[in-house]
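Asker: based on what follows, work out the 3D shape:
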Amino acid sequence: MGVSKEKVKENRVAIVAASEKLFRAYGIDGVGLSSIMKTAGFTQGGFYNHFSSKEELAVEVVASAMAKGSAHLKAAAVAPERNGQTRMARQLRSYLSKAHRDDIEQGCPVAGLASDVGRLSPDAQSHFAKGLNELVGTLSKMIADESIDLGDAATRTTAISVYCQMVGALVLSRAVVEGDPVLAQEILSAGRKSILDGKALMKGPTAA
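Answerer: Predicted structure coming up:
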């Protein structure tokens with residue numbers, strides 16, 4: 001009996017989801033097709049029923065992960081403010097938290113995939129760049145909503161700078177957490193403090 005088109009689609013989505021978790025945890029080059037298909041619940045031989053190559057799979061994983069990351073930040077940008085904390089401050093504390101640091105499989109796709117994307121195809125890099133632009137755009141709107149009028153260009157520059165600091169602190173904290181947990185936590189704390197201290201133009205309180 002043949003497999004329905006709907007089931008084929010579901011299986012493809014399952015392979016992409018399994019691959020995303022593995023790619024984040026072990027790197028794209030560190031994961032073989034057998035591990036991907038086993039994690040997704042299929043045999044290795046079924047891979048080529050869905051993808052022509054691992055490269056094609058990687059492109060779809062990057063596109064899917066970046067789209068989810070963008071949607072998550074957009075939701076945070078319009079969430080109700082609470083506890084006297086601005087949306088920007090709340091997002092910063094969530095991003096540079098121990099929980100997010102330890103959740104590589106579900107966390108920020110930029111921090112999880114950036115080290116691999118530069119070695120992938122132009123298509124994968126294009127999807128990554130599109131998602132990154134959307135993230136920066138959303139962050140720019142959050143900063144504009146909570147700051148005095150900096151102007152579009154200065155607001156975007158600030159958003160890029162802040163995002164780079166966030167991702168950098170997260171990546172470095174993850175890199176040392178097993179070898180020096182105290183340093184890993186210091187990196188998160190210093191990252192939060194540095195960014196918040198630099199937000200003198202922000203409206204309203206930033207304290208938790």
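Asker: next one: stretch 138-147 to chain centre, how far?
Answerer: Relative to its parent chain, stretch 138-147 has a centroid offset of 19 Å by CA atoms, centre = their mean, to the nearest Å.
Asker: count the neighbours of Leu172 for me.
Answerer: Using other CB atoms under 10 Å, the number of residues around Leu172 comes to 16. No exception for glycine: its C-beta is placed from N, CA and C like everyone else's.
Asker: nearest spatial neighbour of it, chain-adjacent residues omitted?
Answerer: Using CB to CB, 6 or more residues apart in numbering and skipping residues adjacent in sequence, the residue nearest Leu172 is Ile187, 5.1 Å away.
Asker: that neighbour contacts Gly168, correct?
Answerer: No - the pair Ile187 and Gly168 does not pass the contact test of CB atoms under 8 Å, sitting 9.1 Å apart.
Asker: and Arg174, helix, strand or coil?
Answerer: helix (DSSP: H, G, I helix; E, B strand; the rest coil).
Asker: what's the closest non-adjacent residue to Arg12?
Answerer: His50 (4.8 Å).
Asker: contacts only, for that neighbour.
Answerer: Counting by CB atoms under 8 Å, 6 or more residues apart in numbering, His50 makes contact with 8, 11-12, 15.
Asker: who wins for neighbours among those?
Answerer: Neighbour tally across the contacts of His50 (other CB under 10 Å): the maximum, 25 neighbours, falls on Ile15.
Asker: mind listing the helices for the chain?
Answerer: 5-26, 33-40, 54-78, 87-95, 98-102, 109-117, 122-146, 152-176, 181-197 (DSSP state H).
Asker: adding mean pLDDT, write those out as a markdown table.
Answerer: Formatted as a markdown table, those follow (pLDDT from 0 to 100):
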| stretch | mean pLDDT |
| --- | --- |
| helix 5-26 | 93 |
| helix 33-40 | 96 |
| helix 54-78 | 95 |
| helix 87-95 | 92 |
| helix 98-102 | 97 |
| helix 109-117 | 94 |
| helix 122-146 | 95 |
| helix 152-176 | 95 |
| helix 181-197 | 94 |
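Asker: mind putting the ones you listed in a markdown table, distance to Gly46 included?
Answerer: Output for these, formatted as a markdown table (distance: least, CB to CB, whole Å):
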| stretch | distance to Gly46 |
| --- | --- |
| helix 5-26 | 8 |
| helix 33-40 | 6 |
| helix 54-78 | 13 |
| helix 87-95 | 37 |
| helix 98-102 | 32 |
| helix 109-117 | 24 |
| helix 122-146 | 23 |
| helix 152-176 | 33 |
| helix 181-197 | 39 |
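Asker: these two touch, right, Leu73 and Val136?
Answerer: No - using CB under 8 Å, Leu73 is not in contact with Val136; the gap is 9.8 Å.
Asker: if you count what's nearby, which of the two comes out ahead?
Answerer: Leu73 (21 against 18).
Asker: so what's the residue lying closest to that one once chain neighbours are set aside up against?
Answerer: The shortest distance from Leu73 to any non-neighbouring residue, by CB to CB, 6+ apart, is to Thr138 (4.8 Å). Counting by CB under 8 Å, 6+ apart, Thr138 makes contact with 70, 73-74, 77.
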